[in-house]
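S.K.: model the following, please.
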Amino acid sequence: MAGSERLYALDAARFVAMLLMIQGHTLDALVSPAELDIARFPWNIWHFMRGLTAPIFLVVSGIVHVLATPRTPEGKLPGALVWRRIRSSLTLLGIGYLMMFPAQRLWHLGYVPPEQWTAFFRVHILQLIGVTLLCVLGLMALTRTERQLSIVATAAGLAIVALAPAVAWVDWYRFLPEALAAYLSTERGSLFPFVPFAAYPFLGLPIGSWLKSLPPAQRTRILRVYLPLAGLGVLALAPVLTLLCQPLLPPQANPYHANPGLILLRFGLALLFLGAIAWLYELTPRLGPLYAVFGRYALFLFVGHLVLLYGTPWFHSVARLYAKSLSLLEAVGVLLIVVALCFAGVFLVEALRRRFRPGWLVLRLGIAATVTYLFLAP
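M.R.: Numbering: from 1, shown residues only. Below you'll find the model as predicted:
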């Protein structure tokens, strides 16, 4: 998006959602259960709110992808953009699997026990985003107008919501290889299966198409007024749908993954969140360019905080060394350090890309060379 047309309120929403995700991961990984008990108030509310961060981020991603995607006069996507999006999606997939790699060296793979392979194939948010963005790109490539995209994306999103109970009944590991079954089942620990989480960016696409059809000056007002109204409408429907669909679920299913009513509940709350952030953005309009920087590097922040918290296949970090063993105050201290380091990393990368691009290239090549060496070293 051009700077004059950029919807900074969406950048602010993505920034706040990322902060919430970082604090959720950090406190959940480090604080002792004696202090952080999600069965008790206020931590049960905190746990529920944690479940909203991924849907919020995914809905925003769907909206932003439409606003940031130009079409040719014939309605097609520019070839360079398609290949760039494919490369970005595959990079996210690669990083997601790399962080869960079951061995420190490639020649150790023959000795990896089955349970470590299961952990490797589990679907986390990066794998989900990588696959989902490829699907979003496919929908955009198959349509020729934003209206067509809205219709197809809405149908796809609602189909995923409607099929969630049926998907939960199937033992996908009986019919598919483990690497594919993990995208449809939480039985072996996947946290973000394609159903229902792909519905959130798909349902964000028609919102993005609508915003794109409006003059830039009106878009923030639309976010402030109409998204909360739409969210309230979805929330009014969600309880009734939840009660009607509950008998359709298998006993072991996570209701937030399998009950269409609860899936739409999260979607409605995500719309309310976006509307609230759009109102709050009016208090800090001068911070728009800063929100844009953090919004642009949202996935960098996500990967960075996971590395700082958990480490990599070659070294452990604080969340593995002190898992669920710190006091709340100690964990908050770690959280502040993680956030500060992530922000410093964003500013460093942005400075390299804008002022010294050879340095940015050297950094990327250096990381790739280091990872390759670690995999191949004796």
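S.K.: and the closest residue to Arg14 other than its chain neighbours, how many residues sit next to it?
M.R.: Using Cβ to Cβ, 6 or more residues apart in numbering and skipping residues adjacent in sequence, the residue nearest Arg14 is Gly295, 4.5 Å away. Bear in mind the C-beta positions are built from the backbone N, C-alpha and C, glycine included. Neighbour count for Gly295, taken as other Cβ atoms under 10 Å: 22.
S.K.: go on, Tyr183?
M.R.: Around Tyr183 there are 21 residues (other Cβ under 10 Å).
S.K.: try the one 10 residues further on
M.R.: When counting by other Cβ under 10 Å, one arrives at 25 neighbours for Pro193.
S.K.: from what I see, it and Leu184 are in contact.
M.R.: Yes - the pair Pro193 and Leu184 qualifies as a contact (Cβ atoms under 8 Å) at a distance of 5.8 Å.
S.K.: now do the buried residues in the longest helix seen in the chain.
M.R.: Counting residues, the longest helix in the chain under DSSP state H turns out to be helix 216-245. Going by neighbour count (16 or more other Cβ atoms under 10 Å), the buried part of helix 216-245 is 219-220, 222-224, 227-228, 230-231, 234-235, 238, 241-242, 245.
S.K.: max pairwise distance over these: which two?
M.R.: Greatest spatial distance in those: Thr220 and Cys245, 35.2 Å, computed using Cβ to Cβ.
S.K.: how about the strand or helix carrying Ala166, which residues are buried there?
M.R.: Using DSSP states H and E, Ala166 maps to helix 146-169. By neighbour count on 16+ other Cβ under 10 Å, the buried set for helix 146-169 is 146, 149-150, 152-154, 156-157, 160-161, 164-165, 167-168.
S.K.: would you mind putting those residues into JSON lines with distance to Phe300 and pLDDT alongside?
M.R.: Below are those laid out as JSON lines (distance: Cβ to Cβ, whole Å; pLDDT from 0 to 100):
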{"residue": "Glu146", "distance to Phe300": "29", "pLDDT": "93"}
{"residue": "Leu149", "distance to Phe300": "27", "pLDDT": "96"}
{"residue": "Ser150", "distance to Phe300": "30", "pLDDT": "96"}
{"residue": "Val152", "distance to Phe300": "30", "pLDDT": "97"}
{"residue": "Ala153", "distance to Phe300": "26", "pLDDT": "97"}
{"residue": "Thr154", "distance to Phe300": "31", "pLDDT": "97"}
{"residue": "Ala156", "distance to Phe300": "28", "pLDDT": "97"}
{"residue": "Gly157", "distance to Phe300": "27", "pLDDT": "97"}
{"residue": "Ile160", "distance to Phe300": "28", "pLDDT": "97"}
{"residue": "Val161", "distance to Phe300": "30", "pLDDT": "97"}
{"residue": "Ala164", "distance to Phe300": "31", "pLDDT": "97"}
{"residue": "Pro165", "distance to Phe300": "36", "pLDDT": "97"}
{"residue": "Val167", "distance to Phe300": "32", "pLDDT": "97"}
{"residue": "Ala168", "distance to Phe300": "34", "pLDDT": "96"}
